[in-house]
Structure formats: structure tokens, C-alpha cells
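In: Okay, here's the prediction I keep looking at, along with the sequence it came from:
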Amino acid sequence: MTNWFITGISRGLGRALATAALARGDTVVGTARSGSFSLDHEFGTLHVLAADLGAQGSAEASVTRAFELVGTIDVVVNNAGHGLLGAVESATDQEVQALFAVDFFAPLRIIQTALPHLRKQGSGHIINITSIAGRAPTTGTAIYTAAKSALEGLSMGLALEVAPLGVKVTAVAPGAFRTDFLSPRSIQRSGAADAAYSETIGRSAAAFETADGHQVGDPELAAMAIIALADSDDPPLHLLLGSDALARARAKLERVIEEIDAWESVTRITDFREQSGAGDDAGGQEHA
């Protein structure tokens, strides 16, 4: 039996994951904006906590309550989040702050609150649901990409800190899944971009409009993949979900390697030169 703490279980991947965990008899403590939310299940135990993770103190309180309810938590899944589409130039401070509050700062505070408990347990697995956008962004997702890239970076640095403590960390980067992520109740769009962006933001906005309901990813299969990840004795630090995420990640890596190679000579000339010996001038000037 596994005890899960999962944020955002009312819809999308979070709902699919909670349902799959309950189906095998696990215990799930999940957050939803409305505490009245529930899932039909024949097995397992479900606790639903009302939590607006963008509100101050809500993330910390939900984790504290989860440990009070079940004692030990084996897997912490930072899943809740929303998107923001549009040009960087058009994004307001309020939109950016609201996005980062839920997509980055809530996971950070959940992790900070959970870690003392996980350290005491000497075990636990933190799974951060990021996005392929955080590794290989598409046009029109820059602010969302920034939040997910921050969560990716946090995951990598955190893994180095907690590995000796028996705590595992995985950043899961899904591609496009057939959830309501692109629906009006989930996605947000910044104000209309200047006409100068018609070939970039304009084209991407049109593509997003037609993508909803046609995504290649199946959230129920993604849930099973995450359960397999949680059950693994040797989980990866990074996990891609979806063939589209795989293609985008590989293309990005190829471009990065090509760019590194093309600019390698410039990269190398920034190192300090070897001093030629005691005869160098007293001013310490470098010689070609």
C-alpha cells in the first residue's frame, strides 16, 4: 500500500492519477479548490482537502494536514497548475504572479513543508509535474515555460541535496495530453499581441485553438506510468511522457549540441591563460 499526496485531483492528470492509485487500494490525500469534490472508488482511501494553492499559507497547511491524516506519505506529487499563452510583451504582472504562485511557489512550499517529515521517515519520493515546455518550449508559451523551467531546475538541485537522506526526486515532463488543460477553465491568455507578432504568436494562438481534444496523450496511461515510476526502486530524475514530448526533447538536444560545437572556440577563450613564468610584467597583464 502506498500513501499519496497529490495536488489538483479534481481534473486532468491529477484526477487520473488519484483514480488509478485508489483502484489498487492505495491511500490518496488530494487537494481540490472545492473540498466537496470526491471520486467514485471501490478500493483505497480518499481524503480531499480544500486548497487554493495560490493563496498564502494554503500549500503549507495542506501538507501539514495530509501528514496528520495518514502519518506517513510515500509519494508527494506536485501536479496542480495552469497555463498562460501569449506574447511576453502582453503579459501583465498580475498574470505572471498568479501563474508562478501556483506553478512554482506552491510546489516549492509543499516540498519545504514535506521535507522534515520525509527526512524523519528516511524515505519518500517527490514527483514534480513540469512540462515539455520547460525543456523544449513552443512559440507563445514563454511565461509558462519560465515557471516550468524553474520547477525543473528546482528538481535537479533538490535531488542532489536529498539523495543521501533516502528521498527521491523526479521531474515528469508531459507533452500534450487530452485533458482540459487548453479549455477556458484552465488556460489563460494574455491580451492581444501587436501585429508584429502575427507570424509567431498569431500562428501559435491559432494552433492552440484547434488542438484541444486532439492531443496525442492519454491521461489514464500517463497515470499508470507515474505509478510505475513511484514503484521503481531506481526512478529517473527526468521522465518524459508522450511521443510528442520525446520528439521535442530529442530535437532540442540536437540543437543544443550543434550550438555548443559551433561556438566552442568562443567558449574556451574565456579561461585564464597560463602565465609564462616569473618574467611576466608586474602589472599582471596577460600576453597573447
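Out: The structure has been received and is ready for your questions. The model shown is predicted, which means the values in this text are computed figures rather than measured ones.

In: wait, is His125 part of a strand?
Out: Yes - assessed with DSSP: H, G, I helix; E, B strand; the rest coil, His125 lies in a strand.

In: residues contacting it?
Out: Contact analysis of His125 by C-beta atoms under 8 Å, 6 or more residues apart in numbering lists 74-76, 167-170, 230, 235. (Glycine included, C-beta is placed from N, CA and C.)

In: separation between Thr145 and Gly54?
Out: From Thr145 across to Gly54, the span is 19 Å (C-beta to C-beta, to the nearest Å).

In: quick revisit: in strands, which of the contacts of His125 appear?
Out: 75-76, 167-170 (DSSP state E).

In: Let's see if you can find the most crowded of the contacts of His125.
Out: Taking other C-beta atoms under 10 Å as the neighbour criterion, Val76 ranks highest of these with 28 neighbours.

In: Now for that one: which residues touch it?
Out: Per C-beta under 8 Å, 6+ apart, neighbours of Val76: 5, 63, 110-111, 114, 118, 124-127.

In: Reformat those as JSON lines; add pLDDT and distance to Ser38.
Out: Listed next are the contacts of Val76 as JSON lines, based on pLDDT from 0 to 100; distance: C-beta to C-beta, whole Å:
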{"residue": "Phe5", "pLDDT": "98", "distance to Ser38": "17"}
{"residue": "Val63", "pLDDT": "98", "distance to Ser38": "21"}
{"residue": "Ile110", "pLDDT": "98", "distance to Ser38": "22"}
{"residue": "Ile111", "pLDDT": "98", "distance to Ser38": "27"}
{"residue": "Ala114", "pLDDT": "98", "distance to Ser38": "24"}
{"residue": "Leu118", "pLDDT": "98", "distance to Ser38": "27"}
{"residue": "Gly124", "pLDDT": "98", "distance to Ser38": "26"}
{"residue": "His125", "pLDDT": "98", "distance to Ser38": "25"}
{"residue": "Ile126", "pLDDT": "98", "distance to Ser38": "26"}
{"residue": "Ile127", "pLDDT": "98", "distance to Ser38": "23"}
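
In: And for Glu220, nearest residue in space, chain neighbours not counted?
Out: Ala16 (5.1 Å; C-beta to C-beta, 6 or more residues apart in numbering).

In: What residues does the one you found make contact with?
Out: Counting by C-beta under 8 Å, 6+ apart, Ala16 has contacts 219-220, 222-223.

In: Please pick the buried ones from those residues.
Out: Buried members of the contacts of Ala16, scored by 16 or more other C-beta atoms under 10 Å, are 219, 222-223.

In: Which one of the residues you listed is nearest to Thr45?
Out: Each of the buried ones among the contacts of Ala16 was scored against Thr45 by C-beta to C-beta, and Ala223 proved nearest at 17.7 Å.

In: Just give me how far stretch 264-277 sits from the chain centre.
Out: 38 Å (C-alpha atoms, centre = their mean, to the nearest Å).

In: just stretch 155-168 next, same as before
Out: Taking C-alpha atoms, centre = their mean, one finds the center of stretch 155-168 at 16 Å from the center of the full chain.

In: Also stretch 117-137?
Out: Worked out by C-alpha atoms, centre = their mean, stretch 117-137 lies 8 Å from the chain centre.

In: Same check on stretch 149-168?
Out: That offset, for stretch 149-168, works out to 13 Å (C-alpha atoms, centre = their mean).

In: Could you pull out the helices in the stretch 101-250 of the chain for me?
Out: 106-121, 142-162, 203-211, 219-231, 243-262 (DSSP state H, counting those that start in this stretch).

In: TSV please, covering those and showing distance to Asp93.
Out: Formatted as TSV, the helices of the stretch 101-250 of the chain follow (distance: least, C-beta to C-beta, whole Å):
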stretch	distance to Asp93
helix 106-121	18
helix 142-162	11
helix 203-211	21
helix 219-231	32
helix 243-262	29
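
In: The ones you listed: which one's closest to Asp271?
Out: Short answer: helix 243-262, nearest of these by C-beta to C-beta, at 15.8 Å.

In: Mind giving me the packing neighbours of the closest one?
Out: Contacts defined by 3 or more C-beta pairs under 8 Å, 6 or more residues apart in numbering; DSSP states H and E place helix 243-262 against strand 167-174.
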